[in-house]
Each structure stands twice: as C-alpha cells, then as structure tokens.
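Enquirer: dropping a prediction and its sequence here:
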Amino acid sequence: MGMFRALVLAVLVAGLGSVVGVGQQAGEAPTAAQAQASQTPQQAYHLPPDKLAKAVALSRIRNVEHFVDAFWGLLVLWLLLATRAAAGMEAWAKRVSARRWLQGLFFFAVLIVVLAVTELPLDMYMHTVSRNYGISVQGWGSWFGDQGKALGLSVVLGSLVMLLFQWIVRKWPRRYWLGIWVATLPLMVLSVFVSPLIEPLFNKYEPLTKSYPGLVAKLEQVAQKTGTDIPPERMFLMKASEKTNGLNAYVSGLGATKRIVVWDTTAGRVPDDVVMFVFGHESGHYVLHHIPKELTGFGIALFFVYWGCAAFANGLARRFGGRWGLDTEAPLACRAGFVVLLFTISVASFVLEPAANGFSRHFEHEADVYGQEAIHGLVADPQKTAVTGFNALGQAWLEDPNPSPFIEFWEYSHPSVKTRADFAAHYDPWANGGRGEFFSSK
C-alpha cells in the first residue's frame, strides 16, 4: 500500500512497490462451485469452497489495485509538473524563508504530504476491503493513527533525504546520479538496521518467553542447529490481533538489532512445529547471507538505474522544463526539478518490478528449502509441517490457490503459496538416504 510511498520515493529505491486470469468478468464474484472447479484437487494448498470464492474475488481486487496504485502515483507526479504546482510550491517556499536549506525542507515536506494525501482514498478503499473480507480488524481511529505516524516519519526522514539528494544534484549537476547512488548505499543498510527501532511505533511487543516459554525452547533448538545468534531475549511477541487476523513471524534487524518476532495470531493458533519451520526459513535468510546479497544486487542495479533515470530526466527537463516552470539554466537543480527525478525513478521502479521480485523469489525459495531442512529431526514430519504452515498462511490472508502466471511474475516477491506448498510436499532428500542441500544430517 501507499502509506510509505513518500518515504520510499525519498530514498529513491522504490520497488528495488483488469489482468487477473481467473476467468470471471470484472466485479462478478465467482460462485463456490465455479471457484471449486478452478482448484486442482491434487495440489498441496487448497481452500474450502467458501474461502476459495472469497480468495479469487479478493485476488482480483488486489491485482487491479496494484496497477491502479502504480499508475496513479505516476499520474500525480506528472500533474504536479504539468500544472506547474511543483513550481508554485517552490515559489511559496522561497517566500516563506530566505534560507536555502529551510526552503528545501518546506518544499519537500509539502511534497510528501501531497503525495500521501493523494494516496489516502485508495488506501482507505483497500482497508475497507480488508475489513470486509475479515483480514483486518483494525478500527478507523487506529488506522488513521498509523497513517499519521507514517506520514510524520516520512516528512521528517524523507525531507532530510530529499534535501541531501537535491543538494547533490545542485553541487554536481553532471554526475549527480553517481553521488546519489553513493549516498543511497549506506541508507539501504541503515534502513535494515533501524527497522526494529521503528516497529514499536505501530505495534505492541513483549518478550515471547512471557506467554510462550515452551515455544521459545523449541525455537532455541532451531537457532542452535542453524547457528543463528538470536537468544531468547531477542524473541518477541507482537500484538497483531489488535489489527489483523493474518499470520506472520519474521526476523528483522541487523547485527545488534536482529530479533525474531512472532505475531500473537500465529503463536498458539498454528502448531509450534510450524512456527519452528517459519523460524528456520527466516534463519536461512541470515545464514545464507541473503540480506547482504540482496543489498549488493540492488546496489549494483541501482547504479545503472540511476544512470538511466538521469538521462531520462535530463531529456524530460530539456523538452518540458519551460512549460513546467523549471529553472531554464539548471532545471533539475531546482526543487521543482527534483520532482522530475522522482517521476523517472517511479517509472523505472514500475518497469523493473518483475526483475526485482524475481530476484526476491529466488532467495525466498532458498529460504524455504533451508527452513524445511532445518527442522528435519526436530519435528515428526517436516513435509507435513511445511505444507500445514503454507495452508494456514494462505487461508489467513485469502491467497488465490491458482494465481495468474503473469500476476505471479509481476507482483509476487515470494513464490505463490501454491508453488511453495507443492514443493514442500514433495521435498524429502532423506527419503532414500540422500542429503539435503544445506544439511547433511540431523
């Protein structure tokens, strides 16, 4: 969703955020019989008829919203330029203060608020959908509170980041993209490190040992087997049930901030063996060095993305700069010209979304394999445990058991639940005395 769009655009690494293939006309919910017919009985992930009908209908809404959101974001940025609203905002900032850095802060703060406000109707619609389908239980007061906190963070952090990047553009007008790329790299690492420090602003946490000491003991077994350095004092329970019926457990942070978080909708709702599998999956991301690999991969990709976007932005500024009210001598160095850069980055983010998601899906599959191997010898049936976990996950979030291949290719940062469950059901490298990909024995 778009609650962090402004901040993501500020860091310039967005995405690096009626094509549904379900055989139904737009707006027509499938009947239970039609939905049941679309589900392959042999596949490991399946839903009861009532949930299946909802999942197919909800999938259509999510998919349409995904592309509407992307094109709406591009349209808003283009309109800010074409209507000279961005140039007007810069003129206003200059009237408010004579100090250049304050002008920049005022301009970017207003820009972030405008982007957030234009996203709000779509965000409200999707929250309504989530409530109607029984996924979200968050009231509107709490929801607007989260939106306000997200906007506050975006204004404070995003304005500073944009001010830095705009200063780089003004300081090195010919090679600014290289300077922005250099500045982006530590920001990417910093965002991973500080994320656990920001999360408590939106949700309540308590030590996992307080309510589930038995589960902690089992997770310690997985941590010992995988060599993951997460002691019990870094295992937390998140009070997700105040806002959602969805399931989740994850590892976040880096170094001193690394920790595991289990939602209270997951602990006690699914078997402990399943939570062990999820922890094994998340441990795989760290043991297999997925975070540095992803940061490195995206860092390399951003070098070329920034270079291409700079060329694209320069071309747009030369052709439309006068019409948009930009500075004729250095159109991109002015603050309104920075919106051109945001627009080009947004275009690149959308176009390259399938590549970024394919990169992510590869690591997620590796983590699935690692997680299933990590619990071998710790649970009675790793295959059944993994399949049970994926079914619980899919049912909680109402994921379509048969997503369109195009949608999975374009939108999914993880393999579909169907793909993951089918693989897990058939993955047993020890069946004939073999060894796993990452573990050779119990």
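Expert: Yes, it's here.
Enquirer: residues in contact with G337?
Expert: V169, A317, G321, L326, D327, A330, P331 (CB atoms under 8 Å, 6 or more residues apart in numbering). (Glycine included, C-beta is placed from N, CA and C.)
Enquirer: S136 touches S130, doesn't it?
Expert: Yes: S136 is within contact range of S130, at 3.8 Å (criterion: CB atoms under 8 Å).
Enquirer: quick one on the thing from earlier: if you rank the contacts of G337 by neighbours, which is first?
Expert: L326 (27 neighbours; other CB atoms under 10 Å).
Enquirer: and that one, what is it in contact with?
Expert: L326 neighbours (CB under 8 Å, 6+ apart): A87, A317, L332, C334, A336, G337, V340.
Enquirer: over to G325?
Expert: G325 makes contacts with R84, A86, A87, G88, A336, as judged by CB under 8 Å, 6+ apart.
Enquirer: from R269, how far off is the residue lying closest to A374 once chain neighbours are set aside?
Expert: Closest residue to A374 apart from its sequence neighbours, by CB to CB, 6 or more residues apart in numbering: G280 at 3.3 Å. G280 sits at a distance of 19 Å from R269 (criterion: CB to CB, to the nearest Å).
Enquirer: okay, those two: which has more neighbours?
Expert: Relative neighbour count places G280 above the other of G280 and R269, with 30 against 15, counting by other CB under 10 Å.
Enquirer: and the more buried one, that's in a helix?
Expert: Yes: counting by DSSP: H, G, I helix; E, B strand; the rest coil, G280 is part of a helix.
Enquirer: can you give me the pLDDT of it?
Expert: Looking at G280, its pLDDT is 94.
Enquirer: ditto for K210
Expert: Per-residue confidence at K210 stands at 94 (pLDDT).
Enquirer: got phi/psi on the closest residue in space to it that isn't next to it in sequence?
Expert: The spatially closest residue to K210, leaving aside those adjacent along the chain, is L237, at 7.1 Å (CB to CB, 6+ apart). When read as degrees, to the nearest 10, the backbone of L237 gives phi -110, psi 130.
Enquirer: wait, L237 touches L215, no?
Expert: No: between L237 and L215 there is no contact under CB under 8 Å: 9.2 Å.
Enquirer: tell me, what's touching these two both at once?
Expert: L208, V262, A267.
Enquirer: of all those, which comes closest to F144?
Expert: Taking CB to CB as the measure, V262 is the one of these closest to F144, at 27.2 Å.
Enquirer: show me the shaky parts of the stretch 301-442 of the chain.
Expert: Applying pLDDT under 70 to the stretch 301-442 of the chain flags residues 441-442.
Enquirer: the helices in it, which residues?
Expert: Using DSSP state H, counting those that start in this stretch, the helices of the stretch 301-442 of the chain run over residues 335-351, 353-374, 382-397, 405-411, 417-426.
Enquirer: okay if I get the shared contacts of L237 and L215 as TSV plus distance to R95?
Expert: Below are these laid out as TSV (distance: CB to CB, whole Å):
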residue	distance to R95
L208	54
V262	52
A267	55
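Enquirer: just give me the closest of those to E366.
Expert: So of these, ranked by how close each gets to E366 (CB to CB), first place is V262, at 22.0 Å.
Enquirer: now do the SS call for the closest one.
Expert: strand.
Enquirer: how many residues are close by it?
Expert: 26.
Enquirer: adjust the sequence numbering to begin at 883 for everything that follows.
Expert: All set: I'll call the first residue 883, so the last point we hit is now V1144.
Enquirer: so what's it closest to, chain neighbours aside?
Expert: A1131 (4.4 Å).
Enquirer: does the one you found really touch D1146, like I thought?
Expert: No: applying CB under 8 Å as the test, A1131 and D1146 come out as separate, 10.5 Å apart.
Enquirer: can you pick out the residue with more neighbours from the two?
Expert: A1131 (25 against 18).
Enquirer: can you report phi and psi for the more buried one?
Expert: Per degrees, to the nearest 10, the backbone of A1131 is at phi -160, psi 140.
Enquirer: secondary structure class for E1088?
Expert: Recorded secondary structure, E1088: strand (three-state DSSP).
Enquirer: and it, how close does it get to K1125?
Expert: Going from E1088 to K1125 by CB to CB gives 16 Å.
Enquirer: these two: which has the busier surroundings?
Expert: Set side by side, E1088 and K1125 give different neighbour counts by other CB under 10 Å, the larger being at K1125 (20 against 12).
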